[in-house]
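**Student:** Sequence first, then the predicted structure, then my questions.
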Amino acid sequence: MTDKALDARLVVRRGEFELDVPLEAGAGETIALLGPNGAGKSTALRAVAGLLPLSEGHVAVGGREFDRPETDVWVPPQDRTIGVVFQEYLLFPHMTALDNAAFGPRRKGKGKAEARAIARRALERVGLADFADRKPRRLSGGQAQRVALARALALEPTLLLLDEPLAALDAATRLETRAELHRQLGEHEGAAVLVTHDPIDALILADRLLVIEDGRVVQSGSGPEITSRPRTEYVAKLVGLNLFAGTGEGTAVRIGGGFPLEGAEKVDGPVFAAFPPSAVALYPQRPEGSPRNTWEATVTSLYRHGDSLRVNLTGPVDVAADVTPAAAGSLALEPGLTVWASVKAQEVHVYPD
Ligand SMILES: Nc1ncnc2c1ncn2[C@@H]1O[C@H](COP(=O)(O)OP(=O)(O)OP(=O)(O)O)[C@@H](O)[C@H]1O
(Lines give C-alpha, C1' and ligand atoms only; values in the text may rest on other atoms or scores of the structure.)
Protein backbone atom coordinates (compact mmCIF):
# COMPACT_ATOMS: atom_id res chain seq x y z
CA MET A 1 0.00 0.00 0.00
CA THR A 2 1.19 3.53 -0.74
CA ASP A 3 0.40 6.93 0.72
CA LYS A 4 -1.04 8.07 -2.60
CA ALA A 5 -4.10 10.26 -2.31
CA LEU A 6 -5.96 7.39 -3.97
CA ASP A 7 -4.79 3.85 -4.50
CA ALA A 8 -7.47 1.46 -5.62
CA ARG A 9 -8.31 -1.59 -7.63
CA LEU A 10 -12.03 -1.58 -8.05
CA VAL A 11 -13.67 -4.92 -8.72
CA VAL A 12 -17.46 -4.72 -8.50
CA ARG A 13 -19.89 -7.33 -9.81
CA ARG A 14 -23.47 -6.25 -10.46
CA GLY A 15 -25.39 -9.10 -12.09
CA GLU A 16 -23.82 -9.77 -15.47
CA PHE A 17 -21.66 -6.68 -15.30
CA GLU A 18 -18.14 -6.74 -13.90
CA LEU A 19 -16.02 -3.69 -13.29
CA ASP A 20 -12.29 -4.24 -12.89
CA VAL A 21 -10.40 -0.98 -12.91
CA PRO A 22 -7.16 0.12 -11.26
CA LEU A 23 -7.41 3.73 -10.15
CA GLU A 24 -4.62 5.81 -8.67
CA ALA A 25 -4.20 9.52 -8.12
CA GLY A 26 -1.47 11.62 -6.54
CA ALA A 27 -2.08 14.67 -4.37
CA GLY A 28 -3.27 17.58 -6.49
CA GLU A 29 -4.01 15.37 -9.46
CA THR A 30 -7.37 15.24 -11.25
CA ILE A 31 -8.35 12.07 -13.09
CA ALA A 32 -11.30 11.95 -15.46
CA LEU A 33 -13.21 8.73 -16.09
CA LEU A 34 -14.63 8.89 -19.56
CA GLY A 35 -16.69 6.26 -21.34
CA PRO A 36 -19.95 5.37 -23.05
CA ASN A 37 -23.22 4.71 -21.22
CA GLY A 38 -23.11 1.68 -18.99
CA ALA A 39 -19.29 1.46 -19.08
CA GLY A 40 -19.06 1.46 -15.30
CA LYS A 41 -17.93 5.02 -14.50
CA SER A 42 -20.55 5.70 -11.83
CA THR A 43 -20.04 2.23 -10.40
CA ALA A 44 -16.33 3.04 -10.02
CA LEU A 45 -17.01 6.34 -8.28
CA ARG A 46 -19.63 4.83 -5.99
CA ALA A 47 -17.24 2.07 -5.01
CA VAL A 48 -14.61 4.63 -4.02
CA ALA A 49 -17.20 6.63 -2.05
CA GLY A 50 -18.35 3.48 -0.24
CA LEU A 51 -21.85 3.55 -1.71
CA LEU A 52 -21.17 0.17 -3.29
CA PRO A 53 -18.97 -2.44 -1.65
CA LEU A 54 -16.10 -3.98 -3.60
CA SER A 55 -16.35 -7.61 -4.64
CA GLU A 56 -12.55 -7.74 -4.76
CA GLY A 57 -9.60 -5.34 -4.71
CA HIS A 58 -9.06 -2.41 -2.41
CA VAL A 59 -9.64 1.30 -1.84
CA ALA A 60 -7.06 3.30 0.11
CA VAL A 61 -7.15 7.07 0.46
CA GLY A 62 -4.17 8.96 1.86
CA GLY A 63 -2.64 5.65 2.97
CA ARG A 64 -5.72 4.54 4.88
CA GLU A 65 -7.68 1.50 3.76
CA PHE A 66 -11.42 1.98 3.39
CA ASP A 67 -12.40 -1.24 1.69
CA ARG A 68 -10.62 -4.58 1.24
CA PRO A 69 -13.02 -7.50 1.17
CA GLU A 70 -10.16 -9.99 1.48
CA THR A 71 -9.41 -8.80 5.01
CA ASP A 72 -12.90 -7.53 5.89
CA VAL A 73 -11.78 -3.91 6.00
CA TRP A 74 -14.79 -1.63 5.53
CA VAL A 75 -15.19 2.03 6.40
CA PRO A 76 -18.70 3.45 5.83
CA PRO A 77 -19.10 6.37 3.40
CA GLN A 78 -19.60 9.05 6.06
CA ASP A 79 -16.30 8.14 7.74
CA ARG A 80 -14.22 8.38 4.56
CA THR A 81 -12.12 11.49 4.00
CA ILE A 82 -13.85 11.97 0.67
CA GLY A 83 -15.95 14.86 -0.62
CA VAL A 84 -18.61 14.03 -3.17
CA VAL A 85 -20.41 16.18 -5.70
CA PHE A 86 -22.92 13.80 -7.23
CA GLN A 87 -25.82 14.89 -9.34
CA GLU A 88 -28.27 13.07 -7.15
CA TYR A 89 -26.65 14.33 -3.97
CA LEU A 90 -28.79 17.41 -4.04
CA LEU A 91 -28.57 20.15 -1.47
CA PHE A 92 -30.83 19.97 1.55
CA PRO A 93 -33.75 22.16 0.44
CA HIS A 94 -34.71 23.38 3.91
CA MET A 95 -31.18 24.56 4.77
CA THR A 96 -29.40 27.73 3.68
CA ALA A 97 -26.32 27.51 1.48
CA LEU A 98 -24.23 28.13 4.61
CA ASP A 99 -25.88 25.35 6.61
CA ASN A 100 -25.59 23.01 3.65
CA ALA A 101 -21.86 23.70 3.53
CA ALA A 102 -21.56 23.43 7.32
CA PHE A 103 -23.30 20.06 7.35
CA GLY A 104 -20.19 17.96 6.75
CA PRO A 105 -17.97 19.65 9.34
CA ARG A 106 -20.83 19.43 11.90
CA ARG A 107 -21.16 15.72 11.22
CA LYS A 108 -17.44 15.32 11.72
CA GLY A 109 -17.85 16.72 15.22
CA LYS A 110 -17.01 20.42 14.78
CA GLY A 111 -18.92 22.90 16.96
CA LYS A 112 -21.60 24.99 15.32
CA ALA A 113 -19.57 28.23 15.15
CA GLU A 114 -16.47 26.50 13.83
CA ALA A 115 -18.46 24.52 11.25
CA ARG A 116 -20.10 27.74 10.06
CA ALA A 117 -16.73 29.50 9.82
CA ILE A 118 -15.39 26.64 7.71
CA ALA A 119 -18.54 26.73 5.57
CA ARG A 120 -18.23 30.49 5.09
CA ARG A 121 -14.65 30.09 3.86
CA ALA A 122 -15.76 27.32 1.48
CA LEU A 123 -18.52 29.53 0.06
CA GLU A 124 -16.01 32.34 -0.34
CA ARG A 125 -13.75 30.00 -2.24
CA VAL A 126 -16.46 29.31 -4.79
CA GLY A 127 -17.42 32.99 -4.97
CA LEU A 128 -20.76 32.63 -3.20
CA ALA A 129 -20.17 34.37 0.13
CA ASP A 130 -23.08 36.71 -0.63
CA PHE A 131 -25.45 33.82 -1.07
CA ALA A 132 -24.84 32.19 2.30
CA ASP A 133 -28.37 32.81 3.56
CA ARG A 134 -30.16 31.64 0.45
CA LYS A 135 -32.02 28.36 0.34
CA PRO A 136 -31.39 26.15 -2.70
CA ARG A 137 -34.66 27.05 -4.45
CA ARG A 138 -33.41 30.63 -4.67
CA LEU A 139 -30.13 29.59 -6.30
CA SER A 140 -29.55 29.08 -10.01
CA GLY A 141 -28.40 25.67 -11.24
CA GLY A 142 -24.79 26.86 -11.48
CA GLN A 143 -24.89 28.43 -8.02
CA ALA A 144 -26.40 25.28 -6.51
CA GLN A 145 -23.64 23.25 -8.09
CA ARG A 146 -21.04 25.59 -6.59
CA VAL A 147 -22.67 25.26 -3.16
CA ALA A 148 -22.47 21.48 -3.61
CA LEU A 149 -18.78 21.92 -4.38
CA ALA A 150 -18.34 24.18 -1.32
CA ARG A 151 -20.07 21.53 0.78
CA ALA A 152 -17.60 18.93 -0.45
CA LEU A 153 -14.59 21.25 -0.01
CA ALA A 154 -15.67 22.16 3.54
CA LEU A 155 -14.68 18.64 4.54
CA GLU A 156 -11.11 19.33 3.40
CA PRO A 157 -11.19 15.97 1.71
CA THR A 158 -8.10 14.04 0.70
CA LEU A 159 -10.14 13.00 -2.30
CA LEU A 160 -12.89 14.78 -4.18
CA LEU A 161 -15.33 12.77 -6.31
CA LEU A 162 -17.39 14.52 -8.97
CA ASP A 163 -20.07 12.72 -10.95
CA GLU A 164 -21.12 14.67 -14.05
CA PRO A 165 -20.90 17.93 -12.09
CA LEU A 166 -21.76 20.08 -15.10
CA ALA A 167 -24.26 17.86 -16.92
CA ALA A 168 -27.41 19.52 -15.61
CA LEU A 169 -26.32 23.06 -16.51
CA ASP A 170 -27.26 25.07 -19.59
CA ALA A 171 -24.49 25.92 -22.06
CA ALA A 172 -23.59 29.40 -20.73
CA THR A 173 -23.66 28.39 -17.08
CA ARG A 174 -21.72 25.31 -17.92
CA LEU A 175 -18.89 27.33 -19.41
CA GLU A 176 -18.70 29.57 -16.37
CA THR A 177 -19.03 26.75 -13.84
CA ARG A 178 -16.42 24.71 -15.69
CA ALA A 179 -13.95 27.59 -15.42
CA GLU A 180 -14.75 27.92 -11.72
CA LEU A 181 -14.34 24.20 -11.17
CA HIS A 182 -11.04 24.29 -13.03
CA ARG A 183 -9.80 26.97 -10.65
CA GLN A 184 -11.00 25.05 -7.60
CA LEU A 185 -9.41 21.82 -8.74
CA GLY A 186 -6.17 23.68 -9.32
CA GLU A 187 -6.19 24.88 -5.72
CA HIS A 188 -7.38 21.60 -4.22
CA GLU A 189 -4.49 19.92 -2.46
CA GLY A 190 -6.04 16.50 -2.49
CA ALA A 191 -6.79 14.38 -5.53
CA ALA A 192 -9.98 14.46 -7.56
CA VAL A 193 -11.79 11.92 -9.72
CA LEU A 194 -14.31 13.21 -12.19
CA VAL A 195 -16.87 11.24 -14.17
CA THR A 196 -18.01 12.81 -17.39
CA HIS A 197 -19.55 12.10 -20.76
CA ASP A 198 -18.08 15.26 -22.16
CA PRO A 199 -14.58 15.08 -23.64
CA ILE A 200 -14.21 18.86 -23.29
CA ASP A 201 -14.82 18.67 -19.54
CA ALA A 202 -12.32 15.84 -19.32
CA LEU A 203 -9.68 17.61 -21.39
CA ILE A 204 -10.00 20.90 -19.55
CA LEU A 205 -10.39 19.66 -16.01
CA ALA A 206 -8.25 16.55 -15.79
CA ASP A 207 -4.52 15.92 -15.74
CA ARG A 208 -5.07 12.34 -16.80
CA LEU A 209 -7.91 10.52 -18.53
CA LEU A 210 -9.01 6.95 -18.05
CA VAL A 211 -11.29 5.67 -20.78
CA ILE A 212 -13.53 2.88 -19.54
CA GLU A 213 -15.52 0.57 -21.77
CA ASP A 214 -17.46 -2.43 -20.58
CA GLY A 215 -15.93 -2.33 -17.11
CA ARG A 216 -12.31 -2.15 -18.25
CA VAL A 217 -9.75 0.59 -18.90
CA VAL A 218 -9.20 0.67 -22.65
CA GLN A 219 -6.93 3.69 -22.77
CA SER A 220 -5.29 6.04 -20.31
CA GLY A 221 -2.98 9.02 -20.48
CA SER A 222 -2.96 12.79 -20.82
CA GLY A 223 -5.50 14.47 -23.08
CA PRO A 224 -3.07 14.94 -25.98
CA GLU A 225 -1.81 11.35 -25.65
CA ILE A 226 -5.33 10.02 -25.97
CA THR A 227 -6.65 12.34 -28.63
CA SER A 228 -3.61 11.95 -30.88
CA ARG A 229 -3.68 8.16 -30.74
CA PRO A 230 -7.16 6.78 -30.14
CA ARG A 231 -7.21 3.04 -29.57
CA THR A 232 -10.92 2.35 -29.71
CA GLU A 233 -13.83 3.36 -31.87
CA TYR A 234 -15.41 5.19 -28.94
CA VAL A 235 -12.33 7.37 -28.37
CA ALA A 236 -11.98 8.02 -32.09
CA LYS A 237 -15.59 9.17 -32.31
CA LEU A 238 -15.12 11.28 -29.25
CA VAL A 239 -12.25 13.17 -30.79
CA GLY A 240 -13.87 13.15 -34.21
CA LEU A 241 -11.48 10.85 -36.07
CA ASN A 242 -11.99 7.97 -38.43
CA LEU A 243 -10.11 5.05 -36.93
CA PHE A 244 -9.28 1.61 -38.25
CA ALA A 245 -7.35 -1.29 -36.81
CA GLY A 246 -5.37 -3.25 -39.38
CA THR A 247 -2.08 -4.72 -40.43
CA GLY A 248 0.72 -2.52 -41.70
CA GLU A 249 2.39 -3.71 -44.90
CA GLY A 250 4.91 -1.09 -45.91
CA THR A 251 3.03 2.19 -46.16
CA ALA A 252 -0.31 0.43 -46.69
CA VAL A 253 -2.60 -0.66 -43.90
CA ARG A 254 -4.84 -3.60 -44.64
CA ILE A 255 -8.01 -3.02 -42.69
CA GLY A 256 -11.20 -5.07 -42.24
CA GLY A 257 -12.25 -6.84 -45.46
CA GLY A 258 -8.72 -6.44 -46.83
CA PHE A 259 -9.16 -2.84 -47.97
CA PRO A 260 -5.73 -1.25 -48.37
CA LEU A 261 -5.47 2.22 -46.90
CA GLU A 262 -2.34 4.06 -47.95
CA GLY A 263 -0.72 5.89 -45.05
CA ALA A 264 1.98 8.45 -44.50
CA GLU A 265 4.17 6.31 -42.26
CA LYS A 266 5.71 2.92 -42.80
CA VAL A 267 4.74 0.65 -39.90
CA ASP A 268 4.58 -3.14 -40.14
CA GLY A 269 2.40 -5.42 -38.05
CA PRO A 270 -0.72 -4.57 -36.03
CA VAL A 271 -1.43 -0.85 -36.39
CA PHE A 272 -4.09 1.81 -36.15
CA ALA A 273 -4.81 4.18 -39.01
CA ALA A 274 -6.62 7.44 -38.29
CA PHE A 275 -7.70 10.52 -40.25
CA PRO A 276 -10.07 13.39 -39.58
CA PRO A 277 -13.39 13.71 -41.42
CA SER A 278 -12.07 16.94 -42.94
CA ALA A 279 -9.46 14.88 -44.83
CA VAL A 280 -12.15 13.02 -46.77
CA ALA A 281 -13.01 14.64 -50.09
CA LEU A 282 -16.20 13.70 -51.95
CA TYR A 283 -16.76 13.66 -55.72
CA PRO A 284 -19.74 12.84 -57.95
CA GLN A 285 -17.51 10.66 -60.18
CA ARG A 286 -14.22 8.89 -59.78
CA PRO A 287 -11.71 11.76 -59.51
CA GLU A 288 -9.11 12.22 -62.24
CA GLY A 289 -5.55 11.19 -61.42
CA SER A 290 -6.99 9.48 -58.38
CA PRO A 291 -4.96 9.45 -55.22
CA ARG A 292 -4.61 5.86 -54.12
CA ASN A 293 -7.17 6.02 -51.32
CA THR A 294 -10.24 6.36 -53.48
CA TRP A 295 -13.41 4.31 -53.21
CA GLU A 296 -17.08 4.33 -54.01
CA ALA A 297 -19.32 5.02 -51.04
CA THR A 298 -22.98 5.49 -50.18
CA VAL A 299 -24.24 8.32 -48.00
CA THR A 300 -26.03 6.94 -44.93
CA SER A 301 -26.75 10.18 -43.08
CA LEU A 302 -25.72 13.81 -42.86
CA TYR A 303 -26.09 16.47 -40.23
CA ARG A 304 -24.77 19.90 -39.36
CA HIS A 305 -21.44 19.83 -37.52
CA GLY A 306 -20.12 23.29 -36.62
CA ASP A 307 -19.73 25.23 -39.87
CA SER A 308 -19.69 22.14 -42.04
CA LEU A 309 -21.83 19.11 -42.74
CA ARG A 310 -20.85 15.74 -41.33
CA VAL A 311 -21.56 13.01 -43.87
CA ASN A 312 -21.56 9.36 -42.82
CA LEU A 313 -20.64 6.97 -45.59
CA THR A 314 -20.70 3.24 -46.00
CA GLY A 315 -18.67 1.21 -48.49
CA PRO A 316 -15.51 -0.88 -48.36
CA VAL A 317 -14.69 1.35 -45.36
CA ASP A 318 -17.23 3.24 -43.26
CA VAL A 319 -16.08 6.79 -42.70
CA ALA A 320 -17.31 10.22 -41.71
CA ALA A 321 -16.54 13.17 -44.01
CA ASP A 322 -16.89 16.88 -43.34
CA VAL A 323 -17.89 19.01 -46.31
CA THR A 324 -18.90 22.64 -46.67
CA PRO A 325 -22.61 23.36 -47.14
CA ALA A 326 -21.77 24.63 -50.65
CA ALA A 327 -20.07 21.36 -51.59
CA ALA A 328 -22.95 19.38 -50.09
CA GLY A 329 -25.36 21.42 -52.21
CA SER A 330 -23.45 21.01 -55.46
CA LEU A 331 -23.13 17.25 -54.89
CA ALA A 332 -26.85 17.13 -53.94
CA LEU A 333 -25.89 14.92 -51.02
CA GLU A 334 -28.69 12.88 -49.50
CA PRO A 335 -28.95 9.48 -47.87
CA GLY A 336 -28.69 6.69 -50.44
CA LEU A 337 -26.61 8.72 -52.91
CA THR A 338 -23.46 7.09 -54.28
CA VAL A 339 -20.32 9.24 -54.37
CA TRP A 340 -16.57 8.81 -54.62
CA ALA A 341 -14.52 9.39 -51.50
CA SER A 342 -10.82 9.99 -51.34
CA VAL A 343 -8.20 10.63 -48.69
CA LYS A 344 -4.62 11.66 -49.36
CA ALA A 345 -2.04 9.25 -47.95
CA GLN A 346 -0.35 12.16 -46.11
CA GLU A 347 -3.52 12.62 -44.10
CA VAL A 348 -3.61 9.03 -42.83
CA HIS A 349 -1.78 8.81 -39.53
CA VAL A 350 -0.50 5.28 -38.80
CA TYR A 351 0.70 4.11 -35.38
CA PRO A 352 1.43 0.75 -33.79
CA ASP A 353 -1.30 -1.14 -31.92
N1 LIG B 1 -28.44 -1.62 -9.50
C2 LIG B 1 -27.85 -2.31 -10.46
N3 LIG B 1 -27.93 -3.66 -10.50
C4 LIG B 1 -27.33 -4.36 -11.46
N5 LIG B 1 -26.60 -3.81 -12.44
C6 LIG B 1 -26.50 -2.49 -12.45
C7 LIG B 1 -27.10 -1.67 -11.48
N8 LIG B 1 -26.80 -0.39 -11.76
C9 LIG B 1 -26.04 -0.41 -12.86
N10 LIG B 1 -25.86 -1.66 -13.29
C11 LIG B 1 -25.07 -2.08 -14.45
O12 LIG B 1 -23.73 -1.72 -14.24
C13 LIG B 1 -23.14 -1.31 -15.46
C14 LIG B 1 -22.39 -0.01 -15.25
O15 LIG B 1 -23.29 1.05 -14.92
P16 LIG B 1 -22.76 2.50 -14.55
O17 LIG B 1 -23.94 3.29 -14.10
O18 LIG B 1 -21.61 2.38 -13.63
O19 LIG B 1 -22.26 3.00 -15.94
P20 LIG B 1 -21.81 4.46 -16.35
O21 LIG B 1 -20.55 4.30 -17.12
O22 LIG B 1 -21.78 5.35 -15.19
O23 LIG B 1 -22.99 4.84 -17.33
P24 LIG B 1 -23.73 6.24 -17.59
O25 LIG B 1 -22.75 7.04 -18.35
O26 LIG B 1 -24.90 5.81 -18.42
O27 LIG B 1 -24.10 6.81 -16.27
C28 LIG B 1 -24.26 -1.21 -16.48
O29 LIG B 1 -24.11 -2.31 -17.36
C30 LIG B 1 -25.51 -1.33 -15.69
O31 LIG B 1 -26.47 -2.05 -16.40
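**Tutor:** Everything's here; your move.

**Student:** drop to CA atoms for contacts and neighbour counts, all remaining ones
**Tutor:** Will do.

**Student:** Can you give me the buried ones in the strand ranked longest in the chain?
**Tutor:** Counting by DSSP state E, the longest strand found in the chain is strand 293-305. By neighbour count on 16 or more other Cα atoms under 10 Å, the buried set for strand 293-305 is Asn293, Thr294, Trp295, Glu296, Ala297, Thr298, Val299, Thr300, Ser301, Leu302.

**Student:** export those to JSON lines and tack on distance to the ligand and pLDDT?
**Tutor:** Output for those, formatted as JSON lines (distance: Cα to the nearest ligand atom, whole Å; pLDDT from 0 to 100):
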{"residue": "Asn293", "distance to the ligand": "36", "pLDDT": "93"}
{"residue": "Thr294", "distance to the ligand": "37", "pLDDT": "95"}
{"residue": "Trp295", "distance to the ligand": "36", "pLDDT": "95"}
{"residue": "Glu296", "distance to the ligand": "36", "pLDDT": "96"}
{"residue": "Ala297", "distance to the ligand": "33", "pLDDT": "96"}
{"residue": "Thr298", "distance to the ligand": "32", "pLDDT": "97"}
{"residue": "Val299", "distance to the ligand": "30", "pLDDT": "96"}
{"residue": "Thr300", "distance to the ligand": "27", "pLDDT": "95"}
{"residue": "Ser301", "distance to the ligand": "25", "pLDDT": "92"}
{"residue": "Leu302", "distance to the ligand": "26", "pLDDT": "90"}
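
**Student:** mind checking how far the longest strand of the chain is from the chain centre?
**Tutor:** Chain-centre distance of strand 293-305: 28 Å, with Cα atoms, centre = their mean, to the nearest Å.

**Student:** Heading C-terminal from that strand, find the next helix or strand.
**Tutor:** Per DSSP states H and E, the first helix or strand lying C-terminal to strand 293-305 is strand 308-314.

**Student:** Just give the strands next to that next one in its sheet, each with its orientation.
**Tutor:** strand 293-305 (antiparallel), strand 319-323 (antiparallel) (DSSP bridges).

**Student:** Get me the contact residues on the protein for the ligand.
**Tutor:** Contact residues, the chain versus the ligand (Cα under 6 Å from any ligand atom): Arg14, Gly15, Phe17, Pro36, Asn37, Gly38, Ala39, Gly40, Lys41, Ser42, Thr43.

**Student:** Bridged to the first one, which residues?
**Tutor:** This means Arg14. Beta-bridge partners for Arg14, by DSSP bridges, are Phe17.

**Student:** Neighbours of it, how many?
**Tutor:** 10 (other Cα atoms under 10 Å).

**Student:** Would you list the buried entries among the residues of the chain next to the ligand?
**Tutor:** By 16+ other Cα under 10 Å, those give Pro36, Ala39, Gly40, Lys41, Ser42, Thr43 as buried.

**Student:** of these, closest to Leu261?
**Tutor:** Pro36 (28.1 Å; Cα to Cα).

**Student:** Before we move on, what's the pLDDT of the closest one?
**Tutor:** Turning to Pro36, the model gives it a pLDDT of 89.

**Student:** ok, for Leu313, nearest residue in space, not its chain neighbours?
**Tutor:** Nearest non-adjacent residue to Leu313, counting by Cα to Cα, 6 or more residues apart in numbering: Val299, 4.5 Å away.

**Student:** Name all residues that make contact with that neighbour.
**Tutor:** By Cα atoms under 8 Å, 6 or more residues apart in numbering, the contact list for Val299 reads Val311, Asn312, Leu313, Thr314, Leu333, Glu334, Pro335, Gly336, Leu337, Thr338, Val339.

**Student:** Please name the strands paired to whichever strand or helix holds the last one in the sheet, noting orientation.
**Tutor:** So that's Val339. Per DSSP H and E, Val339 falls inside strand 338-343. Paired with strand 338-343 in the same sheet, following DSSP bridges, are strand 280-283 (antiparallel), strand 293-305 (antiparallel).

**Student:** looking at the ones you listed, which is closest to Thr173?
**Tutor:** strand 293-305 (22.3 Å).

**Student:** Could I get the buried residue list for whichever helix in the chain runs longest?
**Tutor:** Selection of the longest helix in the chain by residue count, based on DSSP state H, yields helix 171-187. Across helix 171-187, burial judged by 16+ other Cα under 10 Å covers Thr173, Arg174, Thr177, Arg178, Glu180, Leu181, His182, Gln184, Leu185.

**Student:** Tabulate those (a markdown table), appending distance to Ala321 and pLDDT.
**Tutor:** As requested, the buried residues of helix 171-187 are exported to a markdown table (distance: Cα to Cα, whole Å; pLDDT from 0 to 100):
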| residue | distance to Ala321 | pLDDT |
| --- | --- | --- |
| Thr173 | 32 | 77 |
| Arg174 | 29 | 78 |
| Thr177 | 33 | 81 |
| Arg178 | 31 | 85 |
| Glu180 | 36 | 84 |
| Leu181 | 35 | 88 |
| His182 | 33 | 89 |
| Gln184 | 39 | 88 |
| Leu185 | 37 | 92 |
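
**Student:** so which residue of the stretch 51-200 of the chain comes closest to the ligand?
**Tutor:** Nearest residue of the stretch 51-200 of the chain to the ligand (Cα to the nearest ligand atom) works out as His197 at 6.5 Å.

**Student:** Now list the buried members of the contacts of Val299.
**Tutor:** Burial by neighbour count, judged by 16+ other Cα under 10 Å, picks out Val311, Asn312, Leu313, Thr314, Leu333, Thr338, Val339 from those.

**Student:** who are the neighbours in contact with the fifth one?
**Tutor:** Taking Cα under 8 Å, 6+ apart as the criterion, Leu333 is in contact with Val299.
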